[in-house]
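Undergrad: everything below, folded, please.
(one chain, ligands or ions: 1)
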Amino acid sequence: MRKVVLLGATGSIGRQTIDIIEQYPDRFKLVAVTANKSIDVMKDIVKRHACLYVAMDNQYRDAFETAQFFDLKALKEFIQAVPEDVVVVNALVGSVGLVPTIAAIERGFDVLLANKETLVVGGEIIKPLLNTSVSTLIPIDSEHSALAQCLKGSNIDDVEKLVITASGGSFRHLKKDELNHVTVQDALNHPNWAMGKKITIDSATMMNKVFEIIEAHYLFDLPYDSIEAVLHPESLVHGMVHYKDGNILMHVGPADMHIPILTALQGEERLPYRSIFDITKIKSLHFEAIDPIRYSLFDLGIAVARKKGLHTVTLNAANEEAVELFLNGTIDFITIETIIADCLYYFDNGYDVTLEAILDLDQKVRNYIKTKYVDGE
Ligand code: MG
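TA: A predicted model of the protein is given here:
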């Protein structure tokens, strides 16, 4: 029986994780959950699974009689309190996932990571931590789940390159100058995947693929020159590994996040999951290079990733804030890019990467955006 701590229980990945846990009640037991909002859903989850630990906003402190309550700001203490033998599913959105990931690694827990921003902002400090811990990072992201399976049993030194695929997002049929008047509703209408709001926007800007290349860099220990992304509108091939001997292993499957979640949770097993996939219905698969003019944030993001240091902290914080401003109607879609470029230019990012420096810069970037783009200068 694997005991599961689920960070972000009411989001898209969180809900699908609970689906899998409920499909295998003899294999998995949900013991601890966190959520930002959705109090009624959370009360139901805690009751149904008899969870012993819950973290939410402090206003809900008295809503849970049978579970030990933690404020959402105290995720480190929350992780420090859970039982010894758990795995942590990190399905949080944004850099808020970093601190509980570090706390989990420090306790030696395996972390099943859907929260890619953890590695985007903290990869430089997570890697050395993993080297001194028994814990493993296991990807839940579909592309990285695919790559991990294609890499299984192989030596990373034998890999020529990794390739992840990009759907192109909600606006892939539009030209760059047609992006001026798109709406939030259009942006949230992803052609292939049903996902949370933030990642759906990241998918439309191609920032999601920047983050996934950074994620692959830290997960698989390969230089950026050896990791590529290609457009693949069908979203059926999720990842490819090119080996130096000329063999290429490709992972194919339906666009259903339950599968990478189950893959991460099950460990060495192959538990049955209903999957409707008829290869005879697939008439063609398309692949093409990502157009750097059309998806200009992609090239910018990769250049920032290569700089390392604290640059990716600015990139991520600016992106999180800009996406939120777009979603709440404060800015246009194309202004997301303006804000990110502004922040990268404005901040002196530095190379001394510590948790304190990350959290400090993250907050400064958010404050800068609020002052300049929300309150007005
Ligand atoms: Mg992905």
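Undergrad: need the contact list for the residue of the chain found nearest the ion.
TA: Nearest residue of the chain to the ion (CB to the ion) works out as D141 at 4.2 Å. The C-beta positions use only the backbone N, C-alpha and C, and glycine is treated the same way. D141 is in contact with L113, A114, K116, E212, E215, P260, counting by CB atoms under 8 Å, 6 or more residues apart in numbering.
Undergrad: also A146?
TA: A146 neighbours (CB under 8 Å, 6+ apart): I164, H238, G239, H251, G253, P260.
Undergrad: tell me which two in the residues you listed are the farthest apart.
TA: With CB to CB as the measure, no two of those lie farther apart than I164 and G253, at 13.9 Å.
Undergrad: where do the helices sit along the stretch 251-377 of the chain?
TA: Secondary structure of the stretch 251-377 of the chain (DSSP state H, counting those that start in this stretch): helices located at 258-266, 296-307, 311-327, 335-346, 355-369.
Undergrad: tell me the least confident of the contacts of A146?
TA: Lowest in pLDDT among those is G253, which has 94.
Undergrad: right, and that residue touches S235 too?
TA: No: counting by CB atoms under 8 Å, G253 does not reach S235; the two are 9.7 Å apart.
Undergrad: in helices only, show me the contacts of D141.
TA: E212, E215, P260 (DSSP state H).
Undergrad: overlap in contacts of I164 and G253?
TA: What both I164 and G253 touch, as defined by CB under 8 Å, 6+ apart, is the set A146, H238.
Undergrad: ok, these two, which is more surrounded?
TA: With neighbours defined as other CB atoms under 10 Å, I164 and G253 compare such that I164 has more, 24 against 18.
Undergrad: what sits against the more buried one?
TA: Counting by CB under 8 Å, 6+ apart, I164 makes contact with 143-144, 146-147, 209, 212-213, 216, 227-230, 238-239.
Undergrad: the host helix or strand of I102 packs against which elements?
TA: For I102, the element it lies in under DSSP states H and E is helix 98-106. Helices and strands touching helix 98-106, as assessed by 3 or more CB pairs under 8 Å, 6 or more residues apart in numbering; DSSP states H and E, comprise helix 75-81, strand 86-90, strand 110-113, helix 117-131, helix 355-369.
Undergrad: would you turn these into CSV with mean pLDDT and mean neighbour count?
TA: What follows is the helices and strands packed on helix 98-106, written out as CSV (pLDDT from 0 to 100; neighbours: other CB atoms under 10 Å):
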stretch, mean pLDDT, mean neighbour count
helix 75-81, 98, 19
strand 86-90, 98, 25
strand 110-113, 98, 26
helix 117-131, 97, 20
helix 355-369, 98, 17
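Undergrad: mind putting those into JSON lines with distance to L7?
TA: JSON lines is the format used below for the helices and strands packed on helix 98-106 (distance: least, CB to CB, whole Å):
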{"stretch": "helix 75-81", "distance to L7": "7"}
{"stretch": "strand 86-90", "distance to L7": "5"}
{"stretch": "strand 110-113", "distance to L7": "9"}
{"stretch": "helix 117-131", "distance to L7": "10"}
{"stretch": "helix 355-369", "distance to L7": "17"}
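Undergrad: quick check: angle from whichever helix or strand H144 is part of to helix 117-131?
TA: In the assignment (DSSP H and E), H144 maps to helix 142-151. Computed by axes from the mean of the first three to the mean of the last three CA atoms, to 10 degrees, the angle separating helix 142-151 from helix 117-131 equals 40 degrees.
Undergrad: centre of the chain versus helix 142-151, how much separation?
TA: From the chain centre to the centre of helix 142-151 is a distance of 14 Å (CA atoms, centre = their mean, to the nearest Å).
Undergrad: show the average pLDDT along that helix.
TA: For helix 142-151, the per-residue pLDDT averages 98.
Undergrad: list the neighbouring strands of the very next helix or strand once past it plus their orientation.
TA: Moving toward the C-terminus from helix 142-151, the next helix or strand (DSSP H and E) is strand 159-166. Strand pairing for strand 159-166, using DSSP bridges, gives strand 227-231 (parallel), strand 237-243 (antiparallel).
Undergrad: and of those, who's closest to L361?
TA: Here strand 227-231 is closest among the strands paired with strand 159-166 (CB to CB), at 24.8 Å.
Undergrad: ok, that closest one near the ion or not?
TA: No: Strand 227-231 lies apart from the ion when judged by CB under 5 Å from the ion; the minimum separation is 10.3 Å.
Undergrad: where does pLDDT dip in the stretch 101-250 of the chain?
TA: Along the stretch 101-250 of the chain, no part satisfies pLDDT under 70.
Undergrad: the ion contacts on the protein?
TA: Residues of the chain lying near the ion (CB under 5 Å from the ion): D141, S142, E143.
Undergrad: out of the contacts of A146, the closest to E22 would be?
TA: Within the contacts of A146, the smallest distance to E22 is 17.4 Å, found for P260 (CB to CB).
Undergrad: wait, the closest one touches L147, no?
TA: No: using CB under 8 Å, P260 is not in contact with L147; the gap is 10.9 Å.
Undergrad: look up the residues that both of these two are in contact with.
TA: P139.
Undergrad: deepest-packed of the strands paired with strand 159-166, please.
TA: Neighbour counts (mean count of other CB atoms under 10 Å) averaged over each of the strands paired with strand 159-166 peak at strand 237-243, with a mean of 22.
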